[in-house]
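> Predicted model, plus sequence, below.
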Amino acid sequence: GPSRQSGDVRNSISEREGATLGGVTVLLLWCVCMAVYYIIQKPSLVKYTPLAITAWEYMVAVVLLGAVASCGSWNSDRWQLSSRSWMVLVYCVLLNSVAKYPLSAMCNKRVSVTMLTCWSTLTPILTALLSVVFLKGDLHTRYLASIPVILGTYLISVRDG
């Protein structure tokens with residue numbers, strides 16, 4: 001098997017956050033939330049632009065997250081970030097949020113909700129490939145199981161497009 005080094009990100013995460021009942025339950029709830037999000041968003045995209053909808057979503061999120069954060073601990077040690085953590089934060093804000101949600105809304109406006117969510121199934125495949133490149137992860141033969149997912153996504157796109 002893969003070598004286990006202390007502090008190895010891949011091993012510590014997979015051991016800590018494996019397929020536990022709680023983890024699977026949270027993932028199922030996340031899937032339901034995303035499905036409802038796309039379904040609710042679709043009719044709004046007829047009247048408003050994807051960027052306007054995303055802006056309203058962010059404004060509501062700022063208010064709600066501000067209220068939640070005000071209930072938390074403001075211990076200064078918890079809010080200090082390393083330089084690497086700042087880089088991760090900048091990426092998460094700029095690309096994972098500011099770019100991803102407007103792009104998602106633009107896709108939701110132009111294609112069916114089914115096609116949009118089918119293409120999101122490519123995320124784990126891309127995550128596995130990028131982890132091999134950036135985290136020096138191992139490439140396993142079980143990743144070949146993603147081929148039917150890619151083919152299915154293609155077939156739905158051709159039929160639905």
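In hand now; what should we look at?
> tell me what the helix or strand harbouring P148 is packed against?
Assigned by DSSP states H and E, P148 belongs to helix 146-160. Applying 3 or more CB pairs under 8 Å, 6 or more residues apart in numbering; DSSP states H and E, we find helix 146-160 packed against helix 113-119, helix 123-134. Placement of C-beta: from N, CA and C, glycine included.
> now the angle from the longest one to helix 146-160?
An angle of 130 degrees separates the directions of helix 123-134 and helix 146-160 when computed by axes from the mean of the first three to the mean of the last three CA atoms, to 10 degrees.
> which element follows the longest helix anywhere in the chain toward the C-terminus?
What stands out as the longest helix in the chain, according to DSSP state H, is helix 21-47. Downstream of helix 21-47, the next assigned helix or strand under DSSP H and E is helix 50-70.
> of all the helices and strands packed on helix 146-160, which lies closest to V98?
Across these, V98 has its closest neighbour in helix 123-134 (18.0 Å, CB to CB).
> Flag every buried residue along the closest one.
Of all the residues in helix 123-134, those buried under the rule 16 or more other CB atoms under 10 Å are I125, A128.
> Which neighbouring elements make contact with it?
Under the contact criterion of 3+ CB pairs under 8 Å, 6+ apart, helix 123-134 touches helix 146-160.
> How about exporting the helix it packs on as PDB, limited to the C-alpha atoms?
Extracted C-alpha coordinates of helix 146-160, given in PDB (Å, rounded to 0.1, in the frame of the first residue of the first chain):
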ATOM      1  CA  SER A 146     -14.800   6.800 -13.600                       C
ATOM      2  CA  ILE A 147     -14.900   5.900 -17.300                       C
ATOM      3  CA  PRO A 148     -18.700   5.000 -17.200                       C
ATOM      4  CA  VAL A 149     -19.400   8.200 -15.400                       C
ATOM      5  CA  ILE A 150     -17.600  10.200 -18.100                       C
ATOM      6  CA  LEU A 151     -19.400   8.200 -20.900                       C
ATOM      7  CA  GLY A 152     -22.800   8.700 -19.100                       C
ATOM      8  CA  THR A 153     -22.200  12.400 -18.800                       C
ATOM      9  CA  TYR A 154     -21.300  12.600 -22.500                       C
ATOM     10  CA  LEU A 155     -24.400  10.600 -23.500                       C
ATOM     11  CA  ILE A 156     -26.700  12.800 -21.400                       C
ATOM     12  CA  SER A 157     -25.100  15.900 -22.900                       C
ATOM     13  CA  VAL A 158     -25.600  14.600 -26.500                       C
ATOM     14  CA  ARG A 159     -29.200  13.600 -25.800                       C
ATOM     15  CA  ASP A 160     -30.100  16.600 -23.700                       C
END
